[in-house]
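J.: what follows is a predicted protein model with its sequence.
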4 protein chains.
Amino acid sequence: MSEKVRRRLPRQVREQQIIDAGMQVFSKRGYHAAVVDEIADLAGISKPMVYLYFGSKEGLFIACIRREGERLTEEFQGAAREGHGAEAQLWAGLTAFFTFVAGHRDGWVVLYRQAPEVGGEVAAEVTRQRSSVMAAVTGLVASSSPGGASEEAEFVAHALVGAADSLTDWMERHPGESPERVTLRLMNMVWIGMRSALRGEVWTPPSGEGA
Amino acid sequence: MSEKVRRRLPRQVREQQIIDAGMQVFSKRGYHAAVVDEIADLAGISKPMVYLYFGSKEGLFIACIRREGERLTEEFQGAAREGHGAEAQLWAGLTAFFTFVAGHRDGWVVLYRQAPEVGGEVAAEVTRQRSSVMAAVTGLVASSSPGGASEEAEFVAHALVGAADSLTDWMERHPGESPERVTLRLMNMVWIGMRSALRGEVWTPPSGEGA
Amino acid sequence: MSEKVRRRLPRQVREQQIIDAGMQVFSKRGYHAAVVDEIADLAGISKPMVYLYFGSKEGLFIACIRREGERLTEEFQGAAREGHGAEAQLWAGLTAFFTFVAGHRDGWVVLYRQAPEVGGEVAAEVTRQRSSVMAAVTGLVASSSPGGASEEAEFVAHALVGAADSLTDWMERHPGESPERVTLRLMNMVWIGMRSALRGEVWTPPSGEGA
Amino acid sequence: MSEKVRRRLPRQVREQQIIDAGMQVFSKRGYHAAVVDEIADLAGISKPMVYLYFGSKEGLFIACIRREGERLTEEFQGAAREGHGAEAQLWAGLTAFFTFVAGHRDGWVVLYRQAPEVGGEVAAEVTRQRSSVMAAVTGLVASSSPGGASEEAEFVAHALVGAADSLTDWMERHPGESPERVTLRLMNMVWIGMRSALRGEVWTPPSGEGA
DNA sequence: TATGAATGAGCATTCATTCAT
DNA sequence: GATGAATGAATGCTCATTCAT
């Protein structure tokens, strides 16, 4: 039990509370190590409620993944719509995306760092949400590059998402850096090459002697 | 039991066999979902042997992480040493790195996709190995950019490692692409920006007005 | 919820509805495997109503047993009263008894095939109702045999009841047979011997050689 | 833990011990109310052993049913083989059967008084064993009646088994009666009618008019 | 060296039962 | 009178770990 205990909440509210608690615990411990008791405690309810609302630990996990995936997609797509012009949209979208990844560690961790240990129904939903996120990023990238092949855009999206993911670790050791500033640095590093990559241009590696 | 059962092997060989089995199971199932019985079976020995050699499941996992981290570092540093000239070294090192990541899914997964669910001793070793890997990449990047600040190099290294990680997923859906070719595409995308990023040059995002 | 939901029914009607539902579920699943939720659902009410009316699952089960035991006793005693003369009464009673057993599987199952799994209050009521049924059958048997010892009649009653019970299984695989016909067959098999048994006559088993 | 604890027993012995304990608990409590802990305790082992040997509570129950069904069948068929001549065989077999039922309450209860509450795999095995027992009795009955239709024999077998079952209750209240003596009484009651029943002879119930 | 036998501890899940409305 | 919301208390099952041989 935490804080002020409010009993008899409407179903919808309780559901969100439980998902909130689930997100925390799942992201901190991982799916298997997460214990339903802890989630229930954190949500300020008893264990059976979790099962009443979500049917199983797996069911709760799926609900968590779904909500977080949808939030992520919506959030950065919303941001993208704000921009005027393809480039500005891409910029705004990626900033939002990065901000989200940096600011919602829990959600991101659950979505992107729990893959191998889960199976069955869960794996399907994880895949679905990830695809959805990746598709959104890919779409954003593609739209900023009129004639670009979609395969190129997909490649770029994967690289960007992976970089963003990894940079959240970097950020943890550089607390001064704001997500915006990290986005800026990443964009600086990638922007030019990305444009030419999307145009299909190929650069040749330097051969030290013969390599 | 797998294949031909060879009894009374020297300690060193047994150890490696068990680690091999551990890598497979840990990477397939994740640390918690991995069951020691399965590992023992796969290694063709009985469970108590695992405990005799590694003390605990955690001990085995640490051994796995250590071996894999060292292998990864060594492999791509060895490759880097082959190149002549800073750029060529970076290129060779990153190719080796990428090839390793793509070709040793098991090792990579265990090292880089199991973080949140483990704690204690394990977390320390994971951090240590990851840092070691990251330091090697950072060093490679830094050495190719004489005057670059190390913070910049670290940033670039994180971005590269993350991108490489994520692109292994992309590769799974594009079986035709060789690691070399993926490296080439990634380098194309990053090379120019990376150089200027390392020089501390800052590019300004497009404003919403003019695309 | 089943059918049309009728609210605000008088207590007596509700009670019977709940017992009806209880009989179905208890007989289908057994006492322990029966779930109060299912009973409430089937009765078209909410779970707390069950507790309001019967206090506990056990209370409901006792009510079920009681009603069914009384019905069974009454039904076949009523039939017995119709007959003129001791033999005819026995015949009519046993036919009614058998018809009941065959036609009210639910009730019979609850009364006669749930013994070992229940305890406490329930066991007492089960015993009471069974004794009552058995006493009625015994009485019927005894009255048809003027001078017979009551112990003989009790023995015969047990045999008859057990046979009838078991034959309900047989009937399930011979759907063409009516309860009347099965009664006839059973009576054929037992009638003569029963009379002499009640008279205390003893027959000696055949000795194959010496047995 | 009971009595002297003997550890490290060979698998076969432990298995039988666990089944013994299972029989006791299942027959006393019924399948659902039986608690695996109690069974393990009674067997003098820890719960995981039960699961190691039988996989699940259901698995243990199936093992119990199987062993008891086979024992019952074998025992009374063995006895039947002793007799010389059809009648004597029937007599010997039925005595053995009855003796078994009376003497192995546990086994009998588990086999014949747990039907409705179990489902799935268990139900199948229960059905199989019961059929096997019933088939053996039917065979015995049929063989004593050369030209009898098998349907008649089956009918008679059901009646006999049911009567025997029910009479075990009667015996509990008449401790002085030996199984042999009860068998004798039952045979007395049934023998003559059974023979004519097997011949297909039909007797007509007394009409209400003349007694 | 190597293992079959055994277990303590924990976890997901269920269910009879009770409030607060 | 009637119920949606909530829970304490079990219970089946698993797994890392350890003896005894």
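T.: Looks like it came in fine. Everything numeric in this text was worked out from a predicted model, so none of it was measured. Numbers count the residues shown, from 1 in each chain, chains lettered A, B, ... in the order given.
J.: can we go C-alpha only for contacts and neighbour counts from here?
T.: Fine.
J.: which residues touch the residue lying closest to A:Ala136 once chain neighbours are set aside?
T.: Residue nearest to A:Ala136 in three dimensions, not counting chain neighbours: A:Thr73, with 6.7 Å by C-alpha to C-alpha, 6 or more residues apart in numbering or on different chains. With C-alpha atoms under 8 Å, 6 or more residues apart in numbering or on different chains as the criterion, the residues that contact A:Thr73 are A:132-133, A:136.
J.: from A:Val141, how far off is A:Thr73?
T.: In this structure, A:Thr73 and A:Val141 are separated by 14 Å, where distance is defined by C-alpha to C-alpha, to the nearest Å.
J.: repeat that for A:Val182.
T.: A:Val182 sits 18 Å away from A:Val141, going by C-alpha to C-alpha.
J.: when those two are compared, which one has more neighbours?
T.: Comparing A:Val182 with A:Val141 by neighbour count (other C-alpha atoms under 10 Å in any protein chain shown), the higher total belongs to A:Val141, at 30 against 21.
J.: now do the buried residues in the worst-scoring helix or strand of chain A on mean pLDDT.
T.: Taking mean pLDDT, DSSP states H and E as the measure, the helix or strand of chain A with the lowest value is helix A:86-103, at a mean of 80. If you call a residue buried by 16 or more other C-alpha atoms under 10 Å in any protein chain shown, then helix A:86-103 has these buried ones: A:86-102.
J.: near DNA strand F at all, the longest helix seen in chain A?
T.: Of all the segments assigned as helix in chain A under DSSP state H, the longest by residue count is helix A:57-82. No: when contact is scored as C-alpha under 7 Å from any atom of the strand, no part of helix A:57-82 falls within range of DNA strand F; the minimum is 12.8 Å.
J.: other SSEs contacting whichever strand or helix holds A:Val13?
T.: For A:Val13, the host element (DSSP states H and E) is helix A:11-29. Other elements packing on helix A:11-29 under the criterion 3 or more C-alpha pairs under 8 Å, 6 or more residues apart in numbering or on different chains; DSSP states H and E are helix A:36-43, helix A:57-82, helix A:105-112.
J.: can you tell me which of those the model trusts least?
T.: Here the lowest mean pLDDT among the helices and strands packed on helix A:11-29 goes to helix A:105-112, at a mean of 84.
J.: how about the next helix or strand after that one and DNA strand E, touching?
T.: For helix A:105-112, the following helix or strand on the C-terminal side (DSSP H and E) is helix A:121-143. No: using C-alpha under 7 Å from any atom of the strand as the criterion, no contacts between helix A:121-143 and DNA strand E are found, and the smallest distance is 11.9 Å.
J.: report the buried residues of helix A:121-143.
T.: Within helix A:121-143, the residues scored as buried using 16+ other C-alpha under 10 Å are A:122-123, A:125-126, A:129-130, A:132-143.
J.: ok, stretch A:23-43 next?
T.: For stretch A:23-43, a neighbour-count test (16+ other C-alpha under 10 Å) marks A:23-34, A:36, A:39-40, A:42-43 as buried.
J.: ok, and does that stretch reach over to DNA strand E?
T.: Yes: counting by C-alpha under 7 Å from any atom of the strand, DNA strand E has neighbours in stretch A:23-43: A:32-37.
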